[in-house]
Structures are given as structure tokens and as C-alpha cells.
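>>> here is the input, now give the coordinates:
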Amino acid sequence: MSVISTLKTQIGTTIDQHAERFKAVSTYIGQNPELGNEEFKASARLKEELLFHGFEIEAPILGIETAFIATYTAPKSGPIVALLCEYDALPEIGHACGHHLICMMSVSAAVGLKSVAQFVSMAHQQKKHVVLKCPWQRRDYLTIVILR
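This is a model prediction of the structure:
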């Protein structure tokens, strides 16, 4: 098996090991829809999950209470990976846009990548895995400001 295949297998295995946790978080967020900048339950639950998996949480971001950045700094240098995490709901129809699923895809991808971070190294920069919570993603400028 090639190194890439081995890493992919490890990422998938890690995600599978935590699948029930991830499903529970997604279900909770789906059953508790909150409008943009009012996602207090979702934000708290996602931060709790990321802390469980060893990420450091910075919050609030730009004075926005529901915004956060979750970071894992790997023991070896390498690229910075950022994953956008959306979880705001729509008025009257809740999570019809699927943000309760999208946010958990980002979280599970971050957890999976974290599981192989110690094995991948690149000499040019510090390697981080970052999960960005994008408050009220329909206001595009907020995403741009947070990324800066």
C-alpha cells in the first residue's frame, strides 16, 4: 500500500471511529435551527466537540459571539489547512440548506486530518488544521474578514 493510501485509510478509519458522535452533533444542530449570528446552541456544541478532539478554540471572533476558530498545531511543519464550518439556519424552514450536515463534514474532516498530521512533514512552514466558523455565511464579507 502506498503512503498516500495508508494516510487516506487512517483518515477514514478515524472518522468512522467517531461517526456516532458526529451524527449526534449533526442531529442536535438540525433539531435546533438558529438564524445567523444567533447560533448559540450550535456554536457551543461544535466547540465542545472540537475540544474533545484536542483542538484549541478561539472565540469570539471579531466580537461575534457565535464565531470561533478551532486550531490544532501539528508536531511537524507543513501546510495550513482551513475548513469552513457553516451552521446557520434559514427563517421558517430551518436547515433546508443542509448546514447541520456541512458543519459536521468540516469537523470530521479536521479530526481525520489531525489523525495523520504527525506523519506528514514539510519543512517550509508550521502545519495547522483550522476549522473556521462562518457566522451568517450569507453575508459574504464576514467570511473574507475572518480569513484575513
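
>>> for the helix or strand encompassing residue 75, which strands pair with it and how are they oriented?
For residue 75, the element it lies in under DSSP states H and E is strand 69-77. Applying DSSP bridges to the sheet, strand 69-77 is found paired with strand 56-58 (antiparallel), strand 126-133 (antiparallel).

>>> mean confidence for the longest one?
What strand 126-133 shows for mean pLDDT is 58.

>>> ok, now the first one?
With pLDDT averaged residue by residue, strand 56-58 scores 93.

>>> rewinding a little: show me what counts as buried in the strand holding residue 75.
Buried residues in strand 69-77, defined by neighbour count with 16 or more other C-beta atoms under 10 Å: 69-72, 74. C-betas here are computed from N, CA, C, even on glycine.

>>> wait, residue 59 touches residue 51, no?
No - using C-beta atoms under 8 Å as the test, residue 59 is too far from residue 51 to be in contact (11.0 Å).

>>> these two: who's more crowded?
residue 59 (15 against 12; other C-beta atoms under 10 Å).

>>> so what's the residue nearest to that one when sequence neighbours are not counted up against?
Once flanking residues are discounted, residue 59 sits nearest to residue 68: 3.8 Å by C-beta to C-beta, 6 or more residues apart in numbering. By C-beta atoms under 8 Å, 6 or more residues apart in numbering, the contact list for residue 68 reads 43, 46-47, 57-61, 133.
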